[in-house]
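[1] output the structure for:
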Amino acid sequence: MVSPPEGMLAGLTVVDLTRFVSGAFATMTLSTLGAEVLKIEAPQGGDPYRDQGTARIGGESVLFMTLNSAKKSVAIDFRAPGALVAMNALLAKADIFVENGRPGSLDRYGLDFDSVHDRHPQLVYGSISGFGDVGPDARRGGFDLILQAAGGLMSVTGHDTTGPAKIGAPVTDIGAGLSCVVGILAAIEERRRTGIGRHISTSLLEFSLASLATLATAYLTTGREPGLLGTHSPTFAPYGAFRASDGWLVLAGSGSEDMWHRFCEALGANDLVADDRYIDNASRVAARDALTQDIQKTTSTRTVDDWLAVMDAAGVPAGRIDGLGEVLAGEQVKALGAVQELEHAKAGRYPVVGAPIRVDGETLPIAAPSPALGQHTRQALLAAGVGVDDIDSLIRSGIASEPA
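    Take a look at the predicted model:
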């Protein structure tokens with residue numbers, strides 16, 4: 001693993017006012033890249049994910065530990081009237097501020113972009129919301145499930161027999177988080193030249209639309225809804241999942257007409273090439289159901305391993321549909337170093353999946369486990385120039401807290 005003394009974003013400080021998956025993933029990515037991330041948490045209870053989720057290690061929430069590695073916990077109630085001075089002190093020393101509340105929800109606390117920019121023009125301000133920060137739905141809340149539905153993903157995911165289906169992983173959360181990071185890093189580069197920060201905003205809806213880009217353009221030009229696609233494609237055929245004698249595999253035999261011919265030869269079904277219904281890709285897409293049945297008759301006669309070997313020899317992309325346990329235990333994942341182990345004070349050693357970024361061919365290490373609530377409150381406020389007496393006063397009043 002890459003183990004520089006500091007990290008590529010060393011020297012950058014992030015004030016993290018995020019909760020839930022999208023914002024937490026964005027700031028964790030910044031921390032993995034070397035930024036110091038000060039996670040602002042409520043003194044009573046902290047981040048909601050500290051007590052949520054069904055998986056726990058040593059009494060600690062796996063949900064929280066997964067999304068908050070290498071951050072510093074600053075327990076301060078930013079909503080309290082006496083908290084703004086401390087928040088301003090932290091922001092004055094920071095480079096990046098990230099939040100993922102509903103648009104407008106921070107106005108009353110003086111932590112909206114306009115107010116923060118007036119006081120701290122150097123800050124790059126990142127916002128993630130469900131539906132975006134303008135328009136009639138801007139103030140609607142939106143978790144990944146809601147935006148997979150409202151953003152169109154569920155309209156193409158699922159089967160006619162079972163109805164729309166949610167993608168199992170929180171893809172719009174993760175995608176919006178990474179989109180925010182991309183925008184923030186671009187704004188940091190611009191700030192290097194101008195000295196002035198920008199407001200970077202993204203949303204789960206916008207990432208959903210970006211994911212549907214080719215389908216959306218096709219609809220806008222043809223007016224035809226893709227419909228529920230199951231494991232198949234609206235653009236290519238064959239391109240989907242097929243049953244073998246001992247499991248399932250995916251086959252992409254449609255990258256070109258040459259590939260289609262090689263696919264049919266490997267399948268031992270050259271009669272498909274001569275079938276007028278399948279004369280070109282557009283014809284095969286139109287006759288996808290019949291084509292799928294014809295291919296299925298053959299794939300069901302041999303094992304997944306057999307077909308993978310045959311397709312690999314023919315240069316046709318193919319893959320096994322693996323379970324999560326098989327993926328995580330696989331040699332490719334091991335070679336990438338994607339799973340790392342961290343040592344937590346209460347939970348002990350536990351595995352996490354690292355950021356999907358490699359540098360000079362090496363995996364970026366996660367520098368530290370998730371923090372205890374308020375573990376870095378005093379340290380962060382002192383570094384921001386808040387006096388000892390003022391820190392003690394904030395703690396006595398319950399506006400801030402630190403571990404006993």
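
[2] hey, let's count contacts and neighbours off CA atoms from now on
    Fine.

[3] leaving out chain neighbours, which residue sits closest to residue 61?
    The shortest distance from residue 61 to any non-neighbouring residue, by Cα to Cα, 6 or more residues apart in numbering, is to residue 50 (5.5 Å).

[4] quickly note the distance from the one you found to residue 10.
    27 Å (Cα to Cα, to the nearest Å).

[5] by residue count, what's the longest helix in the chain?
    helix 171-194 (DSSP state H).

[6] tabulate the CA atom coordinates of whichever helix or strand comes after it in PDB.
    Next in sequence after helix 171-194, counting helices and strands by DSSP states H and E, comes strand 199-203. The C-alpha trace of strand 199-203 is given here as PDB (Å, rounded to 0.1, in the frame of the first residue of the first chain):
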ATOM      1  CA  HIS A 199     -20.200  26.400  -3.700                       C
ATOM      2  CA  ILE A 200     -20.200  22.800  -5.100                       C
ATOM      3  CA  SER A 201     -23.600  21.100  -5.000                       C
ATOM      4  CA  THR A 202     -24.800  17.800  -6.200                       C
ATOM      5  CA  SER A 203     -27.700  15.500  -5.500                       C
END
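
[7] residue 147: how many residues sit nearby?
    Summarising burial for residue 147: neighbours were counted as other Cα atoms under 10 Å, giving 24.

[8] now the one 5 residues further on
    Other residues lying near residue 152 total 16 when counted by other Cα under 10 Å.

[9] residue 209 is in contact with that one, correct?
    Yes. Look at residue 152 against residue 209 with Cα atoms under 8 Å: they come within range, at 7.5 Å.

[10] could you list every residue that touches the spatially most central residue of the chain?
    Nearest to the geometric centre of the chain sits residue 174, at 1.4 Å (Cα atoms, centre = their mean). The contact partners of residue 174, by Cα atoms under 8 Å, 6 or more residues apart in numbering, come to 21, 22, 25, 26.

[11] what about 10 Å?
    Residues near residue 174 by Cα atoms under 10 Å, 6 or more residues apart in numbering: 21, 22, 23, 24, 25, 26, 144, 180, 204, 207.

[12] quick one: which of those is nearest residue 290?
    residue 207 (33.6 Å; Cα to Cα).

[13] now do the longest helix of the chain, average pLDDT.
    Average pLDDT, helix 171-194: 98.

[14] now do the buried residues in it.
    171-181, 183-185, 187-188, 191 (16 or more other Cα atoms under 10 Å).

[15] before we move on, what about stretch 308-324?
    In stretch 308-324, counting by 16+ other Cα under 10 Å, buried: 308, 310, 311, 314, 316, 317, 318, 319, 320.

[16] can you redo these as JSON lines with distance to residue 284?
    As requested, these are arranged in JSON lines below (distance: Cα to Cα, whole Å):
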{"residue": "308", "distance to residue 284": "23"}
{"residue": "310", "distance to residue 284": "22"}
{"residue": "311", "distance to residue 284": "20"}
{"residue": "314", "distance to residue 284": "20"}
{"residue": "316", "distance to residue 284": "17"}
{"residue": "317", "distance to residue 284": "18"}
{"residue": "318", "distance to residue 284": "19"}
{"residue": "319", "distance to residue 284": "21"}
{"residue": "320", "distance to residue 284": "23"}
